[in-house]
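Colleague: Have a look; sequence and predicted model below, questions after that.
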Amino acid sequence: MARGREQPRYFGDVGEDHLHMSNRGLRAKYDVTGRFYDFLDYYWERQYRVWRPKLLADMSGRILEAGVGTGRNLRHYPPGVEVVAIDLSPRMLAVARRRARNAACDVSFALDDATLMRTVPDASVDWVVSTFMCCVMPDELQPRALEQMARVIRPGGRLRLLEIVYSKSARIRRRQERFAAFVEKVYGARFDRETRRHVAENPDLEITGTRFVKDDTYLVIDGRRR
């Protein structure tokens with residue numbers, strides 16, 4: 001733990017009544033999956049942990065991580081930043097709070113729905129980052145989440161999303177299709193979400209670049225608040 005760094009803070013639960021109705025089932029799913037999430041994710045995390053430092057290295061100021069999950073990103077944020085981490089699953093957030101003890105930056109937590117963000121004030125963060133949240137979120141809810149992201153980012157502030165999409169390679173696509181039913185059942189995730197389109201259609205956000213970190217499946221979407 002960095003000398004002088006604050007202990008992770010927790011600002012409480014927005015409550016079941018403050019979840020979007022479609023997300024109540026997702027919270028229930030992750031409150032079960034959260035018990036063994038890191039075990040299930042171990043195979044994929046071996047490659048994700050190589051990417052995480054590179055994805056987060058250029059961030060500064062106050063950062064909102066939407067859908068922090070079990071907090072795998074937290075130890076990779078640069079020293080000196082302030083991270084506000086939200087998730088809708090109490091069980092996942094409990095793991096993230098423990099993991100935050102090894103972060104080099106200040107971290108605070110709130111149990112919140114990314115489509116509502118009741119705990120995050122307007123224009124209060126310099127960055128929003130989210131890894132694999134939108135591939136879990138149904139397409140009909142993604143515009144709501146992006147509206148909230150745009151609301152909380154300061155003008156000129158930045159956005160970075162990491163998502164997984166179907167490959168155009170027949171070989172890779174076949175492999176993804178073999179896992180698709182399992183991934184949706186356990187994680188609620190799908191490879192056919194249209195996150196890039198939803199970002200492009202938000203009038204307050206501008207896509208500044210896209211790139212793949214592996215094959216044509218792991219997609220990074222960079223953007224900014226207009």
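Modeller: That came through fine. As the structure is a prediction and not an experimental result, all values here were calculated from the model.

Colleague: Please make it C-alpha for all contacts and neighbour counts, starting now.
Modeller: Fine.

Colleague: I'd like the distance between the residue nearest the centre of the chain and Leu93.
Modeller: Residue closest to the mean C-alpha point of the chain, counted by Cα atoms, centre = their mean, is Ser130 at 2.7 Å. Going from Ser130 to Leu93 by Cα to Cα, to the nearest Å gives 15 Å.

Colleague: Need the three-state assignment for the residue nearest to the centre of the chain.
Modeller: Under the three-state scheme (DSSP: H, G, I helix; E, B strand; the rest coil), Ser130 adopts strand.

Colleague: Just list whatever residues bridge to it.
Modeller: Leu161 (DSSP bridges).

Colleague: Just the pLDDT at it, thanks.
Modeller: pLDDT for Ser130: 98.

Colleague: cool, and Val50?
Modeller: Predicted confidence (pLDDT) for Val50: 95.

Colleague: That one: neighbour count?
Modeller: 10 (other Cα atoms under 10 Å).

Colleague: Next up, phi/psi of it, please.
Modeller: phi -80, psi -40 (degrees, to the nearest 10).

Colleague: What distance do you get for it to Gly80?
Modeller: For Val50, the distance to Gly80 - Cα to Cα - is 22 Å.

Colleague: any chance you could map the helices in this protein?
Modeller: Taking DSSP state H as the criterion, the chain contains helices spanning 21-33, 37-40, 42-56, 90-99, 142-152, 170-187, 195-201.

Colleague: so who does Pro121 touch?
Modeller: Shown in contact with Pro121 (Cα atoms under 8 Å, 6 or more residues apart in numbering): Val152.

Colleague: 10 Å - rerun?
Modeller: The neighbours of Pro121, taking Cα atoms under 10 Å, 6 or more residues apart in numbering as the test, are 148, 151-153.

Colleague: Among the residues you listed, which one has the most neighbours?
Modeller: Highest count within the contacts of Pro121 by other Cα under 10 Å belongs to Ile153, 27 neighbours.

Colleague: Roughly how far does it sit from Val125?
Modeller: 5 Å.

Colleague: Now for these two: what residues contact both?
Modeller: 62-64.
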